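1. No letters, just coordinates:
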Ligand SMILES: Cc1cc2nc3c(=O)[nH]c(=O)nc-3n(C[C@H](O)[C@H](O)[C@H](O)COP(=O)(O)OP(=O)(O)OC[C@H]3O[C@@H](n4cnc5c(N)ncnc54)[C@H](O)[C@@H]3O)c2cc1C
Ligand SMILES: NC(=O)c1ccc[n+]([C@@H]2O[C@H](COP(=O)([O-])OP(=O)(O)OC[C@H]3O[C@@H](n4cnc5c(N)ncnc54)[C@H](O)[C@@H]3O)[C@@H](O)[C@H]2O)c1
């Protein structure tokens, strides 16, 4: 194995903790320096490995013939553009963003390669969505089996539900391996070349793979290099008692008492897991309320159901300014300061601390300076079509950035959708992704989901643009299926324009909220108005009737309601 040292310089005043779980990212543990050295190793010795099973013949593809002739003569002055190309499309990073783009590119007939410096699947598959959902599946079952009151009301008796920590950890790890295999095989089967090594952009349409001179050219390049945990300055991560999600997902321990710094998605999902497995949790949140990113009404309800009745306490409006791992028989020490005044507030002594304070883009060492691109807090600046913008504000020809690395929306399906959107563009069809139609979900028990604007955001927009905003709500308590499951605790909230029936946002808290949101997100994506969707029929009894009722309860002005779409004869 060849280790390729890459000197990274960071503009952060914080620490970036690289994925510790993976020996391939050979890195020092977190430091508080403003720059850090990181070693990134190739999986295979140079030259880089071609792992595709078969190649489609792309050379006669009509698009290839035309677009190669039309290579922009306006390329920037950073190196010269190649005259012919190894690939139509080269994607740096084989996470879900890169994978989604690659599959769509093959469908469009592009000769495609992905460059991956670690393992296929990136954060989502190896250190994110996939293993966390495996742990949350266990959390859900444990909650049910330990909820005597709930079980009794259904007439069920269970005694002594327990778990085997290592077996739970294995479930998460095995699932990640399985999905990683599926992703790899799907690309290989379609003829996508998987080039192993760290990708560095040398100039327009040119990428070096690994540390030696393996240079690959491509007509279009997509940066899809993702993100790593963001660890604020002053926090020392040791990977054992002070951990990030990368470590927590391995479930090496279930601490008796764990502080979770940050009550966003990661904090909330892990509080669900840890409390189900028996830990006591203390949240430390910098803003004045828990779950500050969600619609305030939903956060309030979530706090009532997911926080207050559980073994959780919290400190809001405080920063964890210094965290020292447990050592020499002392517990983990967390110094709290007031988020506004910066005055010392308290010191917590806990068994462990999970740092869930957001994620930092992984864009160091990418060679962005070679194409005159300056990152913004590490994020690659892009326009609404994911085209990379250089330091002068001009678009860099043939270069795109998708997923966590551009920071538009740090979600797996957003990364993939952005990749598909780019492929549409490079194959001649203009496409702009509507990020307000992309749903998000937090997989707690019960789940939280959302799409579009929160109520405060919608009201602010309405005020600026001069339209009224209305809100409709329905409760899960009135839903037959939810009641049959004895899961009536839930709310769906619709934020809309009463003048024209436009859906501005939908927020759901309740059983299977993550699955229910898609009716709303599809409606926003397709521009469907409330006066149309309210006539859509839902099977009875299903949870989807919560949304049916929600749309029906909205009060759209008569004029707009009269313009119902023409019926389609069958
Ligand atoms: C604990 C956790 C749970 C999450 N749960 C969810 C969820 O339930 N749903 C959801 O939608 N999102 C979830 N996310 C977010 C989701 O994982 C990310 O939004 C998503 O992985 C971003 O995809 P990406 O393709 O942009 O980047 P990544 O998945 O990070 O992939 C980037 C890839 O690029 C590689 N790479 C980086 N630099 C180079 C280089 N120079 N050369 C070669 N290769 C390189 C990396 O090794 C990596 O494989 C979760 C995240 C975490 C941490
Ligand atoms: N189910 C999902 O889709 C899912 C699950 C996990 C993660 N993710 C993605 O991963 C990303 C990262 O998640 P996350 O939960 O780490 O970030 P987040 O941005 O959702 O939440 C971070 C929280 O930490 C708080 N915070 C920041 N610094 C602090 C400090 N020093 N002291 C106390 N509080 C502090 C912030 O106010 C915020 O509430 C998210 O953007 C999300 O999109 C998604």
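-> Great, that's in hand. Everything quoted here is computed from the prediction, not taken from an experiment. Ligands and ions are numbered 1, 2, ... in the order given.

2. in the chain, what residue is nearest ligand 2?
-> Nearest to ligand 2, among the residues of the chain, is residue 264, at 1.9 Å (CB to the nearest ligand atom). Every residue, glycine included, has its C-beta placed from N, CA and C.

3. Give me the distance between the closest residue to residue 340 other than its chain neighbours and residue 339.
-> In this structure, residue 340 finds its nearest non-sequential neighbour in residue 317, 7.2 Å apart by CB to CB, 6 or more residues apart in numbering. Noted for residue 317: a distance of 5 Å to residue 339, by CB to CB, to the nearest Å.

4. Overlap in contacts, those two.
-> 286-287 (CB atoms under 8 Å, 6 or more residues apart in numbering).

5. what about the residue nearest to residue 340, neighbour count?
-> 15 (other CB atoms under 10 Å).

6. what ranges do the helices span in the stretch 101-250 of the chain?
-> 122-127, 129-146, 148-154, 165-189, 245-248 (DSSP state H, counting those that start in this stretch).

7. so how far is the second one from its chain's centroid?
-> Using CA atoms, centre = their mean, to the nearest Å, the mean C-alpha position of helix 129-146 is found 19 Å from that of the whole chain.

8. and it, what does it pack onto?
-> Judged by 3 or more CB pairs under 8 Å, 6 or more residues apart in numbering; DSSP states H and E, the packing partners of helix 129-146 are helix 148-154, helix 165-189, helix 265-276.

9. And the pLDDT at the residue nearest to residue 427 when sequence neighbours are not counted?
-> Nearest residue to residue 427 in three dimensions, chain neighbours excluded: residue 108, at 4.5 Å (CB to CB, 6+ apart). pLDDT, residue 108: 98.

10. count of neighbours near residue 108?
-> 19.

11. Backbone dihedrals for it, please?
-> phi -90, psi 10 (degrees, to the nearest 10).

12. Quick check: the gap between the residue nearest the centre of the chain and residue 553.
-> The residue lying closest to the centre of the chain (CA atoms, centre = their mean) is residue 411, at 2.3 Å. To residue 553, residue 411 is 29 Å away according to CB to CB.

13. for residue 540, what are its contacts?
-> residue 480.

14. Which element, helix or strand, includes it?
-> For residue 540, there is no helix or strand it lies in under DSSP states H and E.

15. pLDDT score for it?
-> The model's pLDDT for residue 540 equals 98.

16. Hmm, residue 190 and residue 114 touching each other?
-> No - the criterion here is CB atoms under 8 Å, and residue 114 misses it with residue 190 at 11.3 Å.

17. Compare neighbour counts for these two and give me the winner.
-> Using other CB under 10 Å, the more surrounded residue of residue 114 and residue 190 is residue 114, with 27 against 17.

18. what about the more buried one, distance to residue 96?
-> 12 Å.

19. residues shared between the contacts of residue 114 and residue 190?
-> Joint contacts of residue 114 and residue 190 (CB under 8 Å, 6+ apart) are residue 102.

20. How about the residues of the protein by ligand 2?
-> Selection of the chain residues close to ligand 2 by CB under 6 Å from any ligand atom yields 232, 261-267, 269, 284-287, 292-293, 319-320, 356-359, 410-411, 440-443.

21. repeat that for 5 Å
-> 232, 261-262, 264-266, 284-287, 292, 319-320, 356-359, 410 (CB under 5 Å from any ligand atom).

22. Map the structural domains onto the sequence of the protein.
-> Structural domains annotated on the chain: 87-229+360-427, 242-357, 435-553, as defined by the TED database.

23. does the last one come close to ligand 1?
-> No - applying CB under 5 Å from any ligand atom, one finds domain 435-553 out of contact with ligand 1, separated by at least 6.0 Å.

24. how about low-confidence regions in this protein?
-> 1-79, 563-570 (pLDDT under 70).

25. tell me the contacts of residue 512?
-> Contacts of residue 512 by CB under 8 Å, 6+ apart are 446-447, 543.

26. redo that, cut-off 10 Å
-> 441, 446-447, 449, 476, 481-482, 485, 487, 490, 542-544, 546 (CB atoms under 10 Å, 6 or more residues apart in numbering).

27. related to what we said a few turns ago, of the residues of the chain next to ligand 2, buried ones?
-> 232, 261-262, 264-266, 284-286, 319-320, 356-359, 410 (16 or more other CB atoms under 10 Å).

28. Sitting in helices, which of those do you find?
-> 265-266 (DSSP state H).

29. and the buried ones among the residues of the chain next to ligand 2 near ligand 1, which?
-> Checking those against ligand 1 (CB under 5 Å from any ligand atom), the matches are residue 410.

30. Not including adjacent chain positions, what is the nearest residue to residue 511?
-> residue 487 (4.3 Å).

31. number of nearby residues for that neighbour?
-> Neighbour tally, residue 487, other CB under 10 Å: 19.

32. That one is in contact with residue 150, isn't it?
-> Yes - assessed by CB atoms under 10 Å, residue 487 is found in contact with residue 150 at 8.6 Å.

33. Mind telling me which residue of the stretch 301-450 of the chain is nearest ligand 1?
-> residue 403 (2.1 Å).

34. Quick check: residues of the stretch 151-300 of the chain near ligand 1?
-> So the stretch 151-300 of the chain meets ligand 1 at 198-199, 224-226, 245 (CB under 5 Å from any ligand atom).

35. farthest-separated two in those residues?
-> The largest separation in those, counting by CB to CB, is between 199 and 245 at 24.6 Å.

36. Please identify which of these two sits among more neighbours.
-> residue 199 (26 against 23).

37. Surely the more buried one touches residue 362?
-> No - with contact defined as CB under 10 Å, residue 199 does not count as touching residue 362 (11.7 Å).

38. between these two, what contacts are shared?
-> With CB under 10 Å, 6+ apart, residue 199 and residue 362 have common neighbours 93, 117, 225.

39. And the residue nearest to residue 340, how far from residue 172?
-> 33 Å.

40. re the thing from before, dump the residue contacts of the residue nearest to residue 427.
-> Residue 108 touches 61, 63, 88-89, 420, 423-424, 426-429, counting by CB under 10 Å, 6+ apart.

41. and if you look at residue 339?
-> Per CB under 10 Å, 6+ apart, neighbours of residue 339: 285-288, 316-319, 321, 345.

42. What about the residues you listed, which are in strands?
-> 285, 316, 318-319, 321, 345 (DSSP state E).

43. Which pair of those spans the longest distance?
-> Longest span within those, CB to CB: 316 and 321, 15.2 Å.

44. more neighbours, these two?
-> For residue 316 versus residue 321, the count of surrounding residues by other CB under 10 Å is larger for residue 321: 18 against 15.

45. Next one: the more buried one from residue 131, what distance?
-> 30 Å.

46. sorry, back to before: and the contacts of residue 339, which is closest to residue 216?
-> residue 286 (42.9 Å).

47. Hmm, residue 314 and that closest one touching each other?
-> No - counting by CB under 10 Å, residue 286 does not reach residue 314; the two are 11.8 Å apart.

48. which bits of the stretch 1-150 of the chain sit near ligand 1?
-> So far as CB under 5 Å from any ligand atom goes, the stretch 1-150 of the chain lies against ligand 1 at 92-93, 95-97, 115-118, 122-124, 128-129, 132.

49. switch to 8 Å and redo it
-> 19, 25, 40, 92-100, 115-129, 131-133 (CB under 8 Å from any ligand atom).

50. cool, the stretch 301-450 of the chain as well?
-> Residues of the stretch 301-450 of the chain lying near ligand 1 (CB under 8 Å from any ligand atom): 359, 362-363, 365-366, 402-405, 409-416, 419, 440-441, 443.

51. Which among those residues count as buried?
-> Counted by 16+ other CB under 10 Å, those give 359, 362-363, 365-366, 402-405, 409-416, 419, 440-441, 443 as buried.

52. Filter those down to the ones in helices?
-> 412-416, 419.

53. For residue 491, give me its contacts.
-> Residue 491 neighbours (CB under 10 Å, 6+ apart): 297-298, 300-302, 305, 473-477, 507-510, 513, 546, 550.

54. could you redo the last one with a cut-off of 7 Å?
-> Listed by CB atoms under 7 Å, 6 or more residues apart in numbering, the contact set of residue 491 reads 301, 473, 475-476, 509-510.
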